[in-house]
Structures are given as C-alpha cells and as structure tokens.
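>>> Provided below for reference: sequence and predicted model.
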Amino acid sequence: MGLRILIADDEQQIRVLLASMLRRWGHTVQAAEDGEAAWAAIEAAPHGFDLILSDFKMPRLDGLGLLQRLRARGHTVPFVFMTGFLDRAYLESEAVQPTAILDKPFSFAKLQASISALASAQGGCA
Amino acid sequence: MSMPARARRLLAFLRHSAAGRRLSAVAMLAAYCLLFVPTWPIFREVIGAFSYLLTLAVAFLLSPWETVLFALAGLAASTYLYSLFLPFSWGITAASGLIGLIVCGLGIAVRKIWDRFRAQQAALADANARLLDAQAALVQSAKLAAMGELAAGVGHEINQPLSIIGMAAEEAAATLKEGRPDAAKEALALIAKQVERAGAIIAHLKAMARRNDFGTAKVETDLAKVIRDSIEFATYPMKNHGVEVRLELAEPLPCVLCAPVMIEQVLTNLYLNAMDAMENRPSKVLTIRARKDNGSVRVEVADTGSGIAEGHLARVFDPFFTTKPVGRGTGLGLSVAHRIVMGHGGTISVASKADQGTTFTITLPYIRAAT
C-alpha cells in the first residue's frame, strides 16, 4: 500500500523528480516549496500524511522550524531531513530530532530503503 | 661591515672571549702604570684621567670582582713603579687607591645599569616581534575562518545540482524502461543544465580561491567595486540563508587609499555576522550603503537581525569576544576588522537595537574624487 508523502524543498526540480519517482512506487505525493507551505498543507489535512521528506535550508520556515512546529503541535508523523550540508553536531543540540537524515545527493534506492525501514518501524506496510 | 657592527664585534670579543679578557686586563694594568710615570709630570693629570676612563671601560668588559682585583693589582704595580723614582708616600698611595676603587665602583654601577637597560630593550623588542607575529596569525586565522564559512556555503550549493543530476539520471532510466523516450529526453536535458550550473559554482569557487591572497599593499581604490566584489564573494551563503541584499551606493565614490583584499575581508566578516544574527528571523535584509561624508567614504552594513545586547556592544571589537556557540565563531572577525580599519586611518563603530538589527559603520578617508 502506498504512503501519503509530503515533500518540502525549495528546489523545484527536486520536488518534481522526487514526486515522479515516489508516485512510480505507488505513493501519493504532495509538494511544498518551503516550510510555511508545508505547514499549510499539514493544517489543511492534519492526518493526511504518513511521511514528510523535508529539505533543511528553505526560505521563510526552514526544515528544523517545520519539525519543531510539528512536534510542538503533537504531530508524530515520521520526518526525514534531506540535506547536503547539515551540521550534525549543531542538530544534536536540538530538543527535537528528525526520524532520519538522508544525505544529499542520494540514490532513489537509498530513499526507498529508508522509506521501507520507516514503514516497518512504524508497524505499517509498505 | 658597518662601523657600529664592527664596534659590537670588538666589544663581544673583549667581553666574552678569554683572549679578549686578558687583553683588557693588561690594558688596565698599563693604564695604572702610566698614571705614575714621573718622567712626564705635565701629562700626569691627563694620563690620570685617561687611565680612569680606561678603568671605566674595563669595568664594562670584566665582571665586577675581576675589575676590583685588577684595579688593586694596577695600584700595586703603579705604586712599585712610583717608588723607583720618588720616595714612597702612604698618602699618595691611599688617595690613588681610593680614587681607583671609586672609579671601579662607578664603572661597575654604570655597567649594571647599562646591562639592565639592554636586557629590557631586548625583551621589549622580542615582545614587539611576538606581538606582530601574533597579530599576523590572528588576521590569517580570521580570514581562514571566514573563507571556511564561505566555502561551506559553496559546497552546499554544489550539492543541489548534484542531487538533481542523480535523480534525473534515475528518472531517465525509469522513463526509458516505461517506453517514454520524450520524458527521458527531458530528464537528460535537465542533467545537462545542472552540469552547467555546477560548473558556474566551481568557477565562482576558483575566483574565491584566487582572491585568497594576503595583499596588504594600499592602492587607490573605488570602494563601490570592493563592495560589489565582497557581495559576490558571499552570494551563495547569503542565498542559502535566504538573505535579501540591498545596495545603496552613492556613486561615484571618491578614491580611497586601501588594501582592497583587507577591506573586503572586513566587509565579509560583517556579512557573516549579519547572516548569523538574522538566522531564524522573519525578515532577512542586508543593506549596504556607501556615500561621501566629510572627507571620508562612509560605508554602512545594516542587518535586520536580533541585535546586540547593550552590555555586549562595548566589547564586540575585543579579540575572542563571541556570543556564538562553541565551534561557530572565533571571536576574531570584528577585532581583526577593527585593526584593519584603524590601520587605514579609518573608524569602525556599531549601533544596535535589540530585535531591530545592527548597523556597522566604517569610514575611510578619501584622497580624491573618483574619475
């Protein structure tokens, strides 16, 4: 069964390519260009997503801000950072932690593996 | 070899070699003997003064005990010579002995003071040299720290096209498998475009590396160009931070005599601080203004960041003062900026309002209007 996935990335090409591949795998995908847009999508459908794939650096609201806001409002949806230059030591000092981190650039095989791992950890089926 | 160098070498020979010390002792004995040669009664006072001067000189060459010892030996020798020609007199012997000892003491004291003065002078010169070294190292570390932050920004920027290229390649493979060659063609075109984008970033990185010299030569400079270069230099980190840059340059600006690379370093440090201050702020605007002002060119770098606490304002230019978390700031950027601006005969100051932002103002004296 496909998952409902929300992508947040300010790079349009990445949104398009990611969505295309995820749809190919049978998931339902929605994309947002920054944290605020992603938050608007979540508010519109509070239980509408099984997974959030988010860039770290984005204009307006960045990935960490989005994650903090989600957790503060009690959302437990799995949250994955997709980032190339994340200072892990910097992130470790934060109170809220992402479910996983995908280092850019990553292969779709790696993305698929981490989605499967998350789905099985959640007890759902992928 | 110059005269002072020759004199220094002679002095070193006399003071520090065994032969030199023997030579000076003999000279001193000779001086005492000359003092009492009665065949030249007219020159006795002149020769006496000369011999005392010699004693002073010898005090500089030998240790205090040696000086006293040789002065006494000289006294004995000259008293013996004196007794060959004139009847022995306790009064003359005691008087000349006393004067000799006083001169010895004077010589020893002068030498002690001189030695201490030289030691202090050497220590001062040494401390000055070390200070200069430390300052040079400070400027270099601050520069490297700034370069590192900028390079990290550029690295992040290269990751974006790389990510897209990887995904587009897989997309092309997948669409070909699905029998959609047009979609594959589109993905491949995207790859070509992203390669071009990465190339442009690499070109920027190269330009950055080229500019990483430590040029300190002051030349006639148009500050507007320096400001534009410095902004270009920081383009990627600014973009990554979502910072909007506004330039308000009242051109043409008068020519300033400066080392452009160093002024660029000052500006880059101000931008990096501004970016940090504006992290997690709703509005991220960096405004750089430049205009002619009362014999100077005035450059303002204003951000809309969190501002500097009033208690910290007075200390921002102190070396190693930083409010950034460990591992993020060196606390050197602003102190080095301050030093560089002062070195150009200019001023740098800061004004800040909590929650509204910070403005750094630099003034550099101009030499003539821009042509």
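Structure's in. What do you need? Residues are numbered from 1 along each chain as shown, chains lettered A, B, ... in the order given.
>>> would you mind listing what in chain B touches chain A?
Within chain B, the positions near chain A by CB under 8 Å from any CB of the partner chain are B:152, B:155-156, B:159-160, B:162-168, B:170-171, B:174, B:187, B:190, B:194, B:240-242, B:280, B:325, B:327. Quick note: C-beta positions are derived from backbone N, CA and C, even for glycine.
>>> who in chain A is up against chain B?
A:11, A:13-14, A:17-18, A:20-21, A:24, A:57-60, A:65, A:84-85, A:89, A:93, A:104-108.
>>> gap between A:Leu118 and chain B?
Remark: distance between A:Leu118 and chain B (CB to the nearest CB, to the nearest Å) = 20 Å.
>>> A:Phe79 now?
Distance check for A:Phe79 against chain B: by CB to the nearest CB, it reads 18 Å.
>>> helix or strand with the lowest mean pLDDT in the chain?
I'll assume chain A. The weakest-scoring helix or strand in chain A, judged by mean pLDDT, DSSP states H and E, is helix A:88-92 (a mean of 73).
>>> that's the wrong chain, I wanted chain B
helix B:44-61 (a mean of 68).
>>> run a quick neighbour tally on B:Ala77.
Per other CB atoms under 10 Å in any protein chain shown, the neighbour tally for B:Ala77 reads 15.
>>> can you name the residue of chain A nearest to chain B?
Residue nearest to chain B within chain A: A:Gly84 (3.1 Å; CB to the nearest CB).
>>> local confidence estimate at the residue nearest to that residue when sequence neighbours are not counted?
Excluding its sequence neighbours, the residue lying closest to A:Gly84 (CB to CB, 6 or more residues apart in numbering or on different chains) is B:Asn159, at 3.1 Å. pLDDT recorded at B:Asn159 is 85.
>>> who does the helix or strand where B:Asn159 lies touch, helix- and strand-wise?
Assigned by DSSP states H and E, B:Asn159 falls within helix B:90-177. Contacts defined by 3 or more CB pairs under 8 Å, 6 or more residues apart in numbering or on different chains; DSSP states H and E place helix B:90-177 against helix A:12-24, helix B:44-61, helix B:64-85, helix B:181-210, helix B:235-240, helix B:260-277, helix B:333-343.
>>> need those helices in JSON lines (columns: distance to B:Phe317).
Shown next, in JSON lines, are the helices and strands packed on helix B:90-177 (distance: least, CB to CB, whole Å):
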{"stretch": "helix A:12-24", "distance to B:Phe317": "42"}
{"stretch": "helix B:44-61", "distance to B:Phe317": "48"}
{"stretch": "helix B:64-85", "distance to B:Phe317": "50"}
{"stretch": "helix B:181-210", "distance to B:Phe317": "26"}
{"stretch": "helix B:235-240", "distance to B:Phe317": "23"}
{"stretch": "helix B:260-277", "distance to B:Phe317": "11"}
{"stretch": "helix B:333-343", "distance to B:Phe317": "4"}
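>>> closest to B:Arg118 out of these?
Nearest of these to B:Arg118, taken as CB to CB: helix B:44-61 at 11.4 Å.
>>> picking that back up, report the buried members of the residues of chain A next to chain B.
For these, a burial check counting by 16 or more other CB atoms under 10 Å in any protein chain shown picks out A:11, A:13-14, A:17-18, A:20-21, A:57-60, A:65, A:84-85, A:104-106, A:108.
>>> neighbours of the residue of the stretch 1-150 of chain B at minimum distance from chain A, how many?
Closest contact between the stretch 1-150 of chain B and chain A, by CB to the nearest CB, is at B:Glu149 (11.4 Å). Per other CB under 10 Å, the neighbour tally for B:Glu149 reads 20.
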